[in-house]
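In: kindly generate the corresponding structure for this input.
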Amino acid sequence: MKVLVTGGNGFLGQRLLPLLLKRGLHVRVLGRQERSATNLPVEYRRGDIQNFPDVLGATRGVEAVFHLASRAGIESHPQLYDAVNVQGTCHILEACRQNRVSYCIYTSSPCVVFNGKDIRNGDESIPYSSHPLCDYARTKIQAERLVLAANSPSLRTLALRPHLLFGRGDRQLIPRLLRRSQSGQLAQIGAGKNHVDMTHVDNAAQAHELALLALLRGHAGGKAYFIGQEHPLPLWETIDEILRRLGRPPVTRRIPYSLAYASGYVLEKLSRLRRNHPEPAMTRFLALALGKDHYFSHRAAREELGYSPKISIEEAMKDYGAPEIPPSS
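Out: The predicted structure is shown next:
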């Protein structure tokens, strides 16, 4: 069986590729670099999901697509998020139809349901946010809708929503925390009692492998699934523990949630006035992510995909050194 992975050179992609190869699959990667960033025996196609001919060629002859590629963060112009996350996904789906690809697994995000309020043990019945707080969330909602609506007997689709990927090789979450810590910009938002879901990248890769197996069995088509760890973690205790393991001091500054949210709104507006649209030090989305509870039930993924995280929180934290982790409450 031949499969295509978009974003195969990324953090999650590099953990997924070995799992697919171990299953004996022929793996093709579509990426913008000259060659694959891995030394794995994969077929590499240079291309961009924004360019439909690149996508059409890359999907020719494959049976399944893992669509991992997306524009993340909050520092780019809105048009770029639309071009990559929405139009790029349209290209993937249309190419799948034209080339008679049978399965498409889309990497979404829990941010599609963030509504500015605490989410505790939320499940897949939570509606999409009616007021997404950033272009990333807005375009991920649009893309996920497209993928799930495309599900049919000839093209089976589903979406996975892994939450806050972390682990060795992370290029987003931990590096951003470190940069803010080193510059003195890292501050606890709110009372510091909020709990969140986090997902070790190996567990997210495992969920993608299981999703393909479920689709092959004729299950799970047209659905979205939250993916996470065994239990929610106290966010700020966890951040302090990771910083300690990396030789950084704990967070001592405190900012009320309402002030962080209001500051985020103002800084977003100012950022949009600047030519290069830099990422603000605070945004409404970041205030929500750092100051509110957001954790989810994984019951549907467990029962319908067979998902159960192989890497425990204790094991996952070893990526950062020392042996202890903050307790769960």
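In: could you say what helices and strands the lowest-mean-pLDDT helix or strand in the chain packs with?
Out: Ranked by mean pLDDT, DSSP states H and E, the weakest helix or strand in the chain is helix 173-183, scoring a mean of 81. With contacts defined as 3 or more Cβ pairs under 8 Å, 6 or more residues apart in numbering; DSSP states H and E, the packing partners of helix 173-183 are strand 165-166, helix 235-245. Any C-beta I mention is one placed from the backbone N, CA and C, and that applies to glycine too.
In: most tightly packed of those?
Out: Highest mean neighbour count among the helices and strands packed on helix 173-183 (mean count of other Cβ atoms under 10 Å): strand 165-166, with a mean of 24.
In: each with direction, which strands does it pair with?
Out: Applying DSSP bridges, strand 165-166 is found paired with strand 199-200 (parallel).
In: quick one: the strand it pairs with to chain centroid distance?
Out: How far strand 199-200 lies from its chain's middle: 10 Å, per Cα atoms, centre = their mean, to the nearest Å.
In: what residues does that strand touch?
Out: Contact with strand 199-200 is made by 162-167, 227-229, 309, 311, 313, 315-316, as judged by Cβ atoms under 8 Å, 6 or more residues apart in numbering.
In: and those residues, which of them are in helices?
Out: Among the contacts of strand 199-200, the residues falling in helices (DSSP state H) are 313, 315-316.
In: now, among the residues you listed, which is nearest to G184?
Out: Nearest to G184 out of the ones in helices among the contacts of strand 199-200 is A316 (Cβ to Cβ; 27.8 Å).
In: doesn't G228 make contact with that closest one?
Out: No - here A316 does not reach G228: they are 11.5 Å apart, not a contact under Cβ atoms under 8 Å.
In: the more surrounded of the two?
Out: The neighbour count for A316 versus G228, taken as other Cβ atoms under 10 Å, is higher for G228 (27 against 21).
In: distance of Q33 from R299?
Out: Per Cβ to Cβ, to the nearest Å, Q33 is found 38 Å from R299.
In: between the two, which has more neighbouring residues?
Out: Shown here are Q33 and R299; by other Cβ under 10 Å, R299 has more neighbours (14 against 10).
In: list the contacts for the nearest residue to L164 once chain neighbours are set aside?
Out: The shortest distance from L164 to any non-neighbouring residue, by Cβ to Cβ, 6 or more residues apart in numbering, is to M198 (4.5 Å). For M198, the contact set (Cβ under 8 Å, 6+ apart) comprises 163-166, 228-229, 233, 238, 313, 316.
In: same thing but 10 Å
Out: Taking Cβ atoms under 10 Å, 6 or more residues apart in numbering, we find M198 in contact with 162-167, 173, 228-229, 232-233, 235, 238, 295, 313, 316.
In: related to what we said a few turns ago, show me which of the contacts of strand 199-200 is closest to A281.
Out: Nearest member of those to A281, counting by Cβ to Cβ, is L164, at 19.8 Å.
In: and the gap between the closest one and F52?
Out: Going from L164 to F52 by Cβ to Cβ gives 32 Å.
In: so the two - more neighbours on which side?
Out: Neighbour tally, L164 and F52, criterion other Cβ under 10 Å: the higher count belongs to L164, 21 against 17.
In: dump the C-alpha coordinates for stretch 60-69 into PDB.
Out: The C-alpha coordinates for stretch 60-69 follow below in PDB (Å, rounded to 0.1, in the frame of the first residue of the first chain):
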ATOM      1  CA  ARG A  60      -1.100   9.900  -8.100                       C
ATOM      2  CA  GLY A  61      -0.900   6.200  -7.400                       C
ATOM      3  CA  VAL A  62      -1.400   6.400  -3.600                       C
ATOM      4  CA  GLU A  63      -4.300   4.900  -1.600                       C
ATOM      5  CA  ALA A  64      -4.200   7.100   1.500                       C
ATOM      6  CA  VAL A  65      -3.200  10.600   2.400                       C
ATOM      7  CA  PHE A  66      -2.100  11.900   5.800                       C
ATOM      8  CA  HIS A  67      -2.600  15.600   5.500                       C
ATOM      9  CA  LEU A  68      -0.400  17.000   8.300                       C
ATOM     10  CA  ALA A  69       0.800  20.200   6.600                       C
END
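In: so which bits of it are buried?
Out: By 16 or more other Cβ atoms under 10 Å, the buried positions in stretch 60-69 come out as 60, 62-69.
In: in strands only, show me these.
Out: The strands, defined by DSSP state E, take in 64-67 from the buried residues of stretch 60-69.
In: dump the residues you listed into JSON lines; add pLDDT as well.
Out: Listed next are these as JSON lines, based on pLDDT from 0 to 100:
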{"residue": "A64", "pLDDT": "98"}
{"residue": "V65", "pLDDT": "98"}
{"residue": "F66", "pLDDT": "98"}
{"residue": "H67", "pLDDT": "98"}
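In: from the residues you listed, which two are the most distant?
Out: A64 and H67 (10.3 Å).
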